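K.L.:
Got a sequence here, can you model it:
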Amino acid sequence: MTSGDVAWLGLAAYVIGYDAWAWRTGHETMSASYGRALDDPHRRWPTLIFWGYLVGHLTRALPPRTDPLRKIPPHA
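P.N.:
Sure thing, here's the model as predicted:
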């Protein structure tokens with residue numbers, strides 16, 4: 001398992017842990033926050049553009065020339 005794999009597992013654990021804590025304590029979950037951003041006309045498009053970029057980057061659907069994160073050299 002690489003350090004990147006561990007980071008993804010840590011991120012998933014954080015999201016699950018935070019949302020479980022928020023749900024149990026009556027705080028806003030991350031899903032609710034995202035939904036609220038989509039409902040806000042001033043935050044909808046920035047949110048969708050960021051999310052679209054992130055999905056495009058992670059799925060490698062964006063051409064490398066339009067994806068600044070793909071220009072970062074990988075470490076072995």
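K.L.:
How is the chain partitioned into domains?
P.N.:
Using automatic domain parsing, the domains assigned to the chain come out as 1-28, 40-76.
K.L.:
what about the first one, distance to the chain center?
P.N.:
What that stands for is domain 1-28. Domain 1-28 sits 12 Å away from the centroid of its parent chain (Cα atoms, centre = their mean, to the nearest Å).
K.L.:
in it, what's buried?
P.N.:
Neighbour-count burial for domain 1-28, counted by 16 or more other Cβ atoms under 10 Å, picks out 19, 22. Every residue, glycine included, has its C-beta placed from N, CA and C.
K.L.:
One more: the longest one?
P.N.:
Counting neighbours by 16+ other Cβ under 10 Å, one finds that the buried residues in domain 40-76 are 47, 62.
K.L.:
Nearest to residue 34, out of the domains of the chain?
P.N.:
The minimum distance between residue 34 and the domains of the chain falls on domain 40-76, with 7.2 Å, by Cβ to Cβ.
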